[in-house]
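K.L.:
Give me a 3D structure for the following:
(one chain, ligands or ions: 2)
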Amino acid sequence: MSANFLNTPIEYLKGVGPQKADIIKKELNIFSYEQLLTHYPFRYVDRTKFYKINEINADLPYVQMKGKIISTETIGLKRAKRFVAKFSDGTGVIDLVWFQGIKWIDEKIKPNTIIEYVVFGKPAVFNNKFNIAHPEIDPVSAENTTLANALQPVYHTSEKMKVRSLDTKGFSRIIKTLVLQIKNNIPEILSKTIIDRFQLISREQAFVQIHLPQNAEMLKKAEFRLKFDELFFIQLKLLKQKTTREKTYKGYLFATVGNYFNDFYTNHLPFELTNAQKRVIKEIRFDMGSGKQMNRLLQGDVGSGKTLVALMSILIALDNNFQACLMAPTEILANQHFETISKMLEPLNLNVGLLTGSVKSAQRKKLHEKLQSGEMHILIGTHALLEDEVQFKNIGLVVIDEQHRFGVAQRAQMWKKNEQPPHVLIMSATPIPRTLAMTLYGDLDVSVIDEMPPGRKPIQTTHKYDSNRERVFGFMKEQITKGRQIYVVYPLIKESEKMDYKDLMDGYESISRAFPLPQYKVSIVHGQMKSDAKEFEMQRFVKGETNIMVATTVIEVGVNVPNASVMVIESAERFGLSQLHQLRGRVGRGAEQSYCILMTGNKLSADGKLRMETMCRTNDGFEIADVDLKLRGPGDMAGTQQSGVLDLNLADLAKDSQILHAARNMALEILGEDSNLEKTENAPIAYHLAMMKKSKVNWSRIS
Ligand code: ADP
Ligand code: MG
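P.N.:
Residues are numbered from 1 along each chain as shown. Ligands and ions are numbered 1, 2, ... in the order given. Predicted coordinates for the structure are as follows:
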């Protein structure tokens, strides 16, 4: 076995050469044999079956047929010129059409002969008749009628590649050359225990079968094996990080639940905790009392009451003579947390501080002093908390709200604020499917609040087309008459910022016209306003001085205005599901019936329709996240972009949850018995893990 086989640069492969290699590198970011092997087909074409022409319907994907050409002709002029061959198999006739390469095809196929052809392509309907544009066509031969290559791989390539004959056919040829050389060159990366347990085929066999499947059954086995490999090593990496961290850092021991917690719980709790809140607080208490450093993700839908959980956790820190802080992603949200928490803690006589970008330096200095002397118990703020000058006497707990706005690096910065890293509680209002959480936050423990505080009326969501705007305005007026307040939100997408602002301003004008002063008052908030102006407008709405808040998505995060009971989302088709759900969560916080109205244009894509239907059907954030994951794939979901843990070539978190669970459990089991992967039996695993770390760095330097 050649140790370097997998690392061999692709230009060494016969049929690649420097020019093709360059394109493959540029277009696909593929440099080595290994990367070429793991550039898997994205689908397969089934060539086991020959269709009859009278079986063809428009729903079929690619079909293969056998028959004769009965006539050919070139029709039309210039741009409209096309070559049409009538193809028959005795059950019917279908047109094969070429718009390009007409001369070539005219010479290649001859009508009225005894030659039989194999035709392969995608049927489409034109003028109420089926035709196939640009089919593959070849005379019947032993090769194209035997079933050896029944499942043909189809690869992602690019336009630039196609020009250099690296279309799926050309690319297949290259991969085939490589696959024929891999015998005895693919080291096993799993232990025998795992291979036996899941009856896996070898990695080498899997590479062969994924690219050149013998049959559907072998393809399945290959897919399972390679997906398992991907998921297993990600889980192993995450779990190993976790065990290493637990070994390296002792956590502060919060041994007691004392006066602050008990006094608050018994005398000042504004409402009965939900069972989910109770359970989660217990989990947190257990972590902080275990001697290990807590790294816990608290997931809970918008409005599920995470703030209270944070507060009670903070009180446990204080009970053990530690300070605590709460970090929020925006100033508005930090202010709101500061107000809520200060108010709830009033009777406890605690010092709560607020630190945001707009705190003046004199005040800042005082704050710093109080933190260092220990006089300040709780600090609430924004990114400003991360700065090096912010030092505590003894910080024991860091709560981070709305995690996906903060990067992992920022999280780590908070670790340095005490001799040992403080406990960390991360709160996320973006419900993400369990599979994704296991992968994104696989090194964290996860708590879930899966229950809403009682007495909430589920938000009623409807979808309206722009043409119904007058009626929507009418409904809004009714609600305002009842004393309610309303959000109207416009999308703001970086690429078309200018147009978005125009939409927003046009919308603001038309609303101002439909809701005129003095009867109605309309606020507007958007990202291009100065922060004090923004704050001023926000406050007017919070205080109930305005009826309508027209905004871009700046209001997305966390703002709490219980009297706002209607959320109108403009151009809703331009928002992703999780964002729609987040926005909807801004209403439904009071006792009144709340409404969410999704406004869209009349033309909607299939995905767009499904998103609107999903929103109207359910309020369950986890269900919505599942649909979102299926629609968009994990790469586009909130928080995954910067994570780098989703380098999945084959496995799909939306579909492969069973393999993921099996892989994670296996990783847990192995680390449980052999945490440093020192057993001989686990040597291949340890080796591959080390190689993974190495290869990441190298290739990115070269490219
Ligand atoms: P989120 O999880 O979105 O951060 P919040 O903590 O802001 O939710 O809570 C939303 C609202 O629900 C707040 O007004 C809060 O006071 C209220 N709330 C929280 N817990 C309870 C409870 N157990 N019973 C009733 N209301 C609650
Ligand atoms: Mg919140």
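
K.L.:
Just to check, L379 is in contact with Q323?
P.N.:
Yes - if you go by CB atoms under 8 Å, L379 and Q323 touch, sitting 7.2 Å apart. For every residue, glycine as well, the C-beta is placed using N, CA and C.

K.L.:
Overlap of the contact sets of those two?
P.N.:
Here L379 and Q323 share the contacting residues L371, F392, scored by CB atoms under 8 Å, 6 or more residues apart in numbering.

K.L.:
Give me the distance between the two termini of stretch 517-527.
P.N.:
Terminal residues of stretch 517-527 are spaced 25 Å apart (CA to CA, to the nearest Å).

K.L.:
same thing with stretch 90-105?
P.N.:
For stretch 90-105, the end-to-end distance is 23 Å (CA to CA).

K.L.:
List the buried residues of that stretch.
P.N.:
Across stretch 90-105, burial judged by 16 or more other CB atoms under 10 Å covers I94, D95, L96, V97, W98, I105.

K.L.:
Tell me which of the residues you listed fall in strands.
P.N.:
I94, D95, L96, V97, W98 (DSSP state E).

K.L.:
Ligand 1 contacts on the stretch 551-700 of the chain?
P.N.:
Listed as neighbours of ligand 1 in the stretch 551-700 of the chain under the rule CB under 6 Å from any ligand atom: N560, R589.

K.L.:
pretty sure I524 belongs to a strand, no?
P.N.:
Yes - the assignment for I524 by DSSP: H, G, I helix; E, B strand; the rest coil puts it in a strand.

K.L.:
my read: it touches E537, true?
P.N.:
Yes - with contact defined as CB under 8 Å, I524 reaches E537; the gap is 6.5 Å.

K.L.:
overlap in contacts of these two?
P.N.:
Contacts common to I524 and E537, judged by CB under 8 Å, 6+ apart, are M549.

K.L.:
who's in contact with I685?
P.N.:
I189, L190, S191, L236, I670, L677.

K.L.:
got a pLDDT number for Q403?
P.N.:
Residue-level confidence at Q403 comes out at 62, pLDDT.

K.L.:
packing partners for the top helix by length along the chain?
P.N.:
Secondary structure of the chain per DSSP state H: the longest helix is helix 216-248. Applying 3 or more CB pairs under 8 Å, 6 or more residues apart in numbering; DSSP states H and E, one finds that helix 216-248 contacts helix 203-211, helix 434-440, helix 657-673, helix 683-702.

K.L.:
Alpha carbons of the helix or strand immediately after it in the chain, as CSV, please.
P.N.:
Next in sequence after helix 216-248, counting helices and strands by DSSP states H and E, comes helix 259-263. The C-alpha trace of helix 259-263 is given here as CSV (Å, rounded to 0.1, in the frame of the first residue of the first chain):
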residue,chain,number,x,y,z
ASN,A,259,-30.6,33.0,50.0
TYR,A,260,-30.7,34.9,46.8
PHE,A,261,-32.1,31.9,44.9
ASN,A,262,-34.5,30.8,47.6
ASP,A,263,-35.7,34.3,48.5
